[in-house]
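S.K.: here is a sequence together with a model predicted from it:
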2 protein chains.
Amino acid sequence: MPTMTAAQRRTAAKQEYDAFLADCPSRQLLGRISDKWVGLTIAALHERGTLRYSELSRRIAGVSQKMLTQTLRSLERDGLVSRTITPTVPVTVEYALTPLGESLQEVMLGIKSWAETHMGEVHAARETYDAR
Amino acid sequence: MPTMTAAQRRTAAKQEYDAFLADCPSRQLLGRISDKWVGLTIAALHERGTLRYSELSRRIAGVSQKMLTQTLRSLERDGLVSRTITPTVPVTVEYALTPLGESLQEVMLGIKSWAETHMGEVHAARETYDAR
């Protein structure tokens, strides 16, 4: 088989996965990352660098302990967040984005900014819709 | 009050909404758009231009009728999708992105592509995590 160029390898890698297909693993991954708690957790870690659980919980106002714990565990398992344990008394546990997590953060940030920037237009559209 | 420049107005508009705050309307909007069905619906409409309900339902394999109907209604109410009814027999209903929907599509596409491109790395991370 002839050697592929880097561009051909990228194309081949992309074609392997298609989130439009119900059984493609990327559909399940898309579902996991399309989540406001994932977006906010990743944004907070990007903004502050390294955070302890309690700091994250304060930054993301209103997140429940169950939801934050679950989100962090799934982000760690997917290789997006690293967890560092320092044997102080009591133990210090710190979270940070991995390089893979940083790459996701770049695209997720766009969604958070979009929501903040276009809120006025969406409000106006809802008023028109509800008045019909 | 002195007149604001366009850049100052953009900054002021951005500062009005902050999705880190539990009660900010942009938090609820972020939750609504951070959804795999929203991402897939918007991607399909962008790709094909205008689609009927049945065409959308085929393109997004595995979506339930209830979920697709709900997603389209919420996208229409938020001003992201337009619904055009043509009085044929039977009636033709077609969906398309509005300019606001196109602006969201640009950022959402990044997430779908990210999931498709980085699936291999996430798989590897999960294997390492599960083997610990």
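M.R.: Nice, thanks for sending it over.
S.K.: any idea which element A:Gln105 lies in?
M.R.: Here A:Gln105 is covered by helix A:99-131, with elements defined by DSSP states H and E.
S.K.: in that helix, what counts as buried?
M.R.: Residues A:100-101, A:103-105, A:107-119, A:121-122, A:125 are the ones in helix A:99-131 that count as buried (16 or more other CB atoms under 10 Å in any protein chain shown). Bear in mind the C-beta positions are built from the backbone N, C-alpha and C, glycine included.
S.K.: do stretch A:21-33 as well
M.R.: With burial defined by 16+ other CB under 10 Å, the residues of stretch A:21-33 counted as buried are A:Cys24, A:Pro25, A:Ser26, A:Arg27, A:Leu29, A:Leu30, A:Gly31, A:Arg32, A:Ile33.
S.K.: from the buried residues of helix A:99-131, which are also near chain B?
M.R.: Filtering these for proximity to chain B by CB under 8 Å from any CB of the partner chain leaves A:100, A:103-104, A:107-108, A:110-119, A:121-122, A:125.
S.K.: could you chop chain A up by domain?
M.R.: If you go by automatic domain parsing, the domain ranges for chain A are A:1-34, A:36-131.
S.K.: for these, could you give me CSV that also reports mean pLDDT?
M.R.: Listed next are the domains of chain A as CSV, based on pLDDT from 0 to 100:
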stretch, mean pLDDT
domain A:1-34, 77
domain A:36-131, 95
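S.K.: of those, which is nearest B:Arg58?
M.R.: Closest to B:Arg58 of the domains of chain A, according to CB to CB: domain A:1-34, at 9.9 Å.
S.K.: so who does the residue nearest to A:Ser26 when sequence neighbours are not counted touch?
M.R.: Using CB to CB, 6 or more residues apart in numbering or on different chains and skipping the chain neighbours, the partner closest in space to A:Ser26 is A:Tyr17 (3.9 Å). Listed by CB atoms under 8 Å, 6 or more residues apart in numbering or on different chains, the contact set of A:Tyr17 reads A:Cys24, A:Pro25, A:Ser26, B:Ala115, B:Glu116, B:Thr117, B:Met119.
S.K.: could I get the contacting residues of the last one?
M.R.: Translated: B:Met119. By CB under 8 Å, 6+ apart, the residues touching B:Met119 are A:Glu16, A:Tyr17, A:Pro25, A:Ser26, A:Leu29.
S.K.: pretty sure the third one sits against B:Gly120.
M.R.: No - the pair A:Pro25 and B:Gly120 does not pass the contact test of CB atoms under 8 Å, sitting 9.7 Å apart.
S.K.: rewinding a little: so which of the buried residues of stretch A:21-33 sit within helices?
M.R.: Members of those lying in helices (criterion: DSSP state H): A:Pro25, A:Ser26, A:Arg27, A:Leu29, A:Leu30, A:Gly31, A:Arg32, A:Ile33.
S.K.: ok, and what's touching stretch A:90-110?
M.R.: Outside stretch A:90-110, the residues that touch it by CB under 8 Å, 6+ apart are A:33, A:38-39, A:42-43, A:45-46, A:49-53, A:56, A:72, A:75, A:79-86, B:106-107, B:110-111, B:113-114, B:118, B:121-122, B:125.
S.K.: let's see that stretch as PDB, backbone CA atoms only.
M.R.: Coordinates of each C-alpha in stretch A:90-110 appear next as PDB, following Å, rounded to 0.1, in the frame of the first residue of the first chain:
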ATOM      1  CA  PRO A  90      -6.500  17.100  54.100                       C
ATOM      2  CA  VAL A  91      -5.600  15.800  50.600                       C
ATOM      3  CA  THR A  92      -5.600  18.400  47.800                       C
ATOM      4  CA  VAL A  93      -7.300  17.300  44.500                       C
ATOM      5  CA  GLU A  94      -6.900  19.600  41.600                       C
ATOM      6  CA  TYR A  95      -8.400  19.500  38.100                       C
ATOM      7  CA  ALA A  96      -6.900  20.900  34.900                       C
ATOM      8  CA  LEU A  97      -7.500  20.500  31.100                       C
ATOM      9  CA  THR A  98      -5.300  18.100  29.200                       C
ATOM     10  CA  PRO A  99      -4.200  19.100  25.700                       C
ATOM     11  CA  LEU A 100      -7.100  17.200  24.300                       C
ATOM     12  CA  GLY A 101      -9.400  19.100  26.600                       C
ATOM     13  CA  GLU A 102      -7.900  22.400  25.500                       C
ATOM     14  CA  SER A 103      -8.700  21.500  21.900                       C
ATOM     15  CA  LEU A 104     -12.400  20.800  22.800                       C
ATOM     16  CA  GLN A 105     -12.500  24.000  24.900                       C
ATOM     17  CA  GLU A 106     -11.600  26.100  21.800                       C
ATOM     18  CA  VAL A 107     -14.800  24.900  20.000                       C
ATOM     19  CA  MET A 108     -17.000  24.800  23.100                       C
ATOM     20  CA  LEU A 109     -16.100  28.400  24.000                       C
ATOM     21  CA  GLY A 110     -17.800  29.500  20.800                       C
END
